[in-house]
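Trainee: Please find the sequence and the predicted model below.
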There are 2 protein chains.
Amino acid sequence: MKLYNFFRSSASYRVRIALNLKGVSYQYIPIHLRRSGGEHHTPAYRAMNPQELVPTLEDGGRFFTQSLAIIEYLEERYPEPPLLPRDPADRATVRSMALGVACEIHPLQNTRVVSYLRDVLHHGDEDVNAWIRHWVTLGLAALEQQVLAVPQRGRFCFGTTPSLADIFLVPQLYNARRFGCDLSVCPTLVQIDQACCALPAFADAAPEKQPDAE
Amino acid sequence: MKLYNFFRSSASYRVRIALNLKGVSYQYIPIHLRRSGGEHHTPAYRAMNPQELVPTLEDGGRFFTQSLAIIEYLEERYPEPPLLPRDPADRATVRSMALGVACEIHPLQNTRVVSYLRDVLHHGDEDVNAWIRHWVTLGLAALEQQVLAVPQRGRFCFGTTPSLADIFLVPQLYNARRFGCDLSVCPTLVQIDQACCALPAFADAAPEKQPDAE
């Protein structure tokens, strides 16, 4: 199994955590998003990933894209330990938390969107940072409420073991700190993040631990 | 089962298609996104959906949010007809197509993001329309490539029956047309859209057919 990814990419970070939790070993292939105009824009990479985004997982001669699709694939191929609860209603709750990050926060703060704000719409640091903080704070505050609404809360987003929701939360909080976002809106998420980062599967997936870290 | 939704919301439209494909009847509860400052911002609605977004599905006393999580829930509760292939690698391919819409296109053109561009960053129609067209065209062109790469192509995004990917495609093409986007980048997707819209499950879910349509 090969993971084409970038140390700082949030979507790459999610897949690294999932691979570690599943105990699946993989070959790390760095794709630098800024070097040589972006290695994700080369024809060779585009052939694997038409969206020209990281990560891409190669397994059994197939190329898989979109972090959530990759993690659901890992969950189906390697059911233990489970990253989703058993009950369909609980599974929906956990997936909704992950999607709250994947659809409502991350797309608005990722590199290409920020570049468009700067390069095409000519916004400076103040506007760009306010934009990022607006969407990150709004999304994290909503996720905090979703997590608090879980009956029989444990140390993680849903219950007593890490799930898909935690896999999406931790890289998003990493980004939120990078952008100086106000985390006082989500004290429970900050506690969950600490619980996660104490686990080797999460700690070993951190950007600064990767071979291409700068 | 109750679906709190808005006729023109793309995420609502996806869930309506899925419910129709599964043959599940539901009560339609309109949540108007502009009336009275947005009915999705009321405390009563927020208690069901902390993200203050549509749709929300109520089933068995539980409230489900995020269209993809809702549709995966329906898939698990009502397996027939399947909206995902059986093979894990194929499932990942279909989910990746849906996520290409859910994470890379729709979040950048939804109402609250467009409002921020207008009201906070003071962009006029020209900038806003260029922004929308940029992300929609980029995302649809990538999805076209993903679909063309499917071995043994059928009439739909993946094979000969409608899947999760088609459920995400059709509302996105509806939006693309509303915004005057150039669809010449995705002739295959346009053909698939026609095949889908010929089916009652898709046709009956269209915005103009809903009780709250304007």
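Mentor: Ah, there it is. Numbering: from 1, shown residues only, chains lettered A, B, ... in the order given.

Trainee: Which segments of chain A make up each domain?
Mentor: A:2-80, A:88-201 (automatic domain parsing).

Trainee: Using TSV, lay out those together with distance to B:C186.
Mentor: For every residue, glycine as well, the C-beta is placed using N, CA and C. Formatted as TSV, the domains of chain A follow (distance: least, C-beta to C-beta, whole Å):
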stretch	distance to B:C186
domain A:2-80	12
domain A:88-201	19
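
Trainee: Pipe those into JSON lines and attach mean neighbour count, mean pLDDT and distance to chain B per row.
Mentor: Shown next, in JSON lines, are these (neighbours: other C-beta atoms under 10 Å in any protein chain shown; pLDDT from 0 to 100; distance: least, C-beta to the nearest C-beta, whole Å):
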{"stretch": "domain A:2-80", "mean neighbour count": "19", "mean pLDDT": "96", "distance to chain B": "4"}
{"stretch": "domain A:88-201", "mean neighbour count": "19", "mean pLDDT": "97", "distance to chain B": "4"}
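
Trainee: Those: which one's closest to B:M97?
Mentor: domain A:2-80 (8.5 Å; C-beta to C-beta).

Trainee: Distance from the chain centre to stretch A:25-42, please.
Mentor: Between the mean C-alpha location of stretch A:25-42 and the chain-wide mean there is a distance of 17 Å, by C-alpha atoms, centre = their mean, to the nearest Å.

Trainee: That one: end-to-end distance?
Mentor: End-to-end distance for stretch A:25-42: 26 Å, by C-alpha to C-alpha, to the nearest Å.

Trainee: One more: stretch A:44-61?
Mentor: In stretch A:44-61, first residue to last residue: 15 Å (C-alpha to C-alpha).

Trainee: how far out from the middle of the chain is that stretch?
Mentor: 17 Å.

Trainee: and A:G154, what helix or strand is that in?
Mentor: For A:G154, there is no host helix or strand (DSSP states H and E).

Trainee: From A:A195, how far off is the closest residue to it other than its chain neighbours?
Mentor: Using C-beta to C-beta, 6 or more residues apart in numbering or on different chains and skipping the chain neighbours, the partner closest in space to A:G154 is A:T160 (3.6 Å). To A:A195, A:T160 is 10 Å away according to C-beta to C-beta, to the nearest Å.

Trainee: next structured bit after the helix ranked longest in chain A?
Mentor: Taking DSSP state H as the criterion, chain A has its longest helix at helix A:125-148. Sequence-wise, the next helix or strand downstream of helix A:125-148 (DSSP H and E) is helix A:164-178.

Trainee: The very next helix or strand once past that following helix packs against which elements?
Mentor: Sequence-wise, the next helix or strand downstream of helix A:164-178 (DSSP H and E) is helix A:187-197. Under the contact definition 3 or more C-beta pairs under 8 Å, 6 or more residues apart in numbering or on different chains; DSSP states H and E, helix A:187-197 sits against helix A:125-148, helix A:164-178.

Trainee: For helix A:187-197, which outside residues touch it?
Mentor: Applying C-beta atoms under 8 Å, 6 or more residues apart in numbering or on different chains, the contact partners of helix A:187-197 are A:140, A:143-144, A:147-148, A:155-157, A:162, A:166, A:169-170, A:173, A:183, A:202-203, A:206.

Trainee: Next, give phi and psi for A:I29.
Mentor: Main-chain torsions, A:I29, degrees, to the nearest 10: phi -120, psi 110.

Trainee: That one pairs with what?
Mentor: In this entry, A:I29 is beta-bridged to A:Y4, by DSSP bridges.

Trainee: Next, the distance between the ends of stretch A:116-129.
Mentor: Counting by C-alpha to C-alpha, you get 13 Å between the two ends of stretch A:116-129.

Trainee: Wait, a helix at A:E76?
Mentor: Yes: A:E76: assigned to a helix according to DSSP: H, G, I helix; E, B strand; the rest coil.

Trainee: quick one: it from B:A44, how far?
Mentor: From A:E76 across to B:A44, the span is 38 Å (C-beta to C-beta).

Trainee: Kindly report the same for A:A205.
Mentor: Distance from A:A205 to B:A44, counting by C-beta to C-beta: 40 Å.

Trainee: and A:A102, what does it touch?
Mentor: For A:A102, the contact set (C-beta under 8 Å, 6+ apart) comprises A:S67, A:L68, A:F168, B:L99, B:A102, B:C103.

Trainee: Now do the SS call for the residue of chain A most remote from its centre.
Mentor: The outermost residue of chain A, judged against the average C-alpha position, is A:H122 (27.8 Å), by C-alpha atoms, centre = their mean. A:H122 falls in the coil class when you classify it by three-state DSSP.

Trainee: In contact with it, which residues?
Mentor: A:H122 neighbours (C-beta under 8 Å, 6+ apart): none.

Trainee: Could you dump the contacts of A:A102 into JSON lines with distance to B:P85 and secondary structure added?
Mentor: Below are the contacts of A:A102 laid out as JSON lines (distance: C-beta to C-beta, whole Å; DSSP: H, G, I helix; E, B strand; the rest coil):
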{"residue": "A:S67", "distance to B:P85": "20", "secondary structure": "helix"}
{"residue": "A:L68", "distance to B:P85": "17", "secondary structure": "helix"}
{"residue": "A:F168", "distance to B:P85": "24", "secondary structure": "helix"}
{"residue": "B:L99", "distance to B:P85": "16", "secondary structure": "helix"}
{"residue": "B:A102", "distance to B:P85": "18", "secondary structure": "helix"}
{"residue": "B:C103", "distance to B:P85": "21", "secondary structure": "helix"}
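
Trainee: returning to that earlier point: for the domains of chain A, which one sits closest to A:D212?
Mentor: Among the domains of chain A, domain A:2-80 comes nearest to A:D212, with 3.7 Å by C-beta to C-beta.

Trainee: end-to-end on that closest one?
Mentor: 20 Å.

Trainee: and it, how far out from the chain's middle?
Mentor: Its chain's C-alpha centre and that of domain A:2-80 lie 11 Å apart, by C-alpha atoms, centre = their mean.

Trainee: How about stretch A:162-174?
Mentor: Distance of stretch A:162-174 from its chain centroid, counting by C-alpha atoms, centre = their mean, is 6 Å.

Trainee: Same check on stretch A:70-82?
Mentor: 16 Å.

Trainee: try stretch A:71-83
Mentor: Computed by C-alpha atoms, centre = their mean, the chain-centroid distance of stretch A:71-83 equals 16 Å.

Trainee: end to end, how far does that stretch reach?
Mentor: Stretch A:71-83 has an end-to-end distance of 9 Å (C-alpha to C-alpha).
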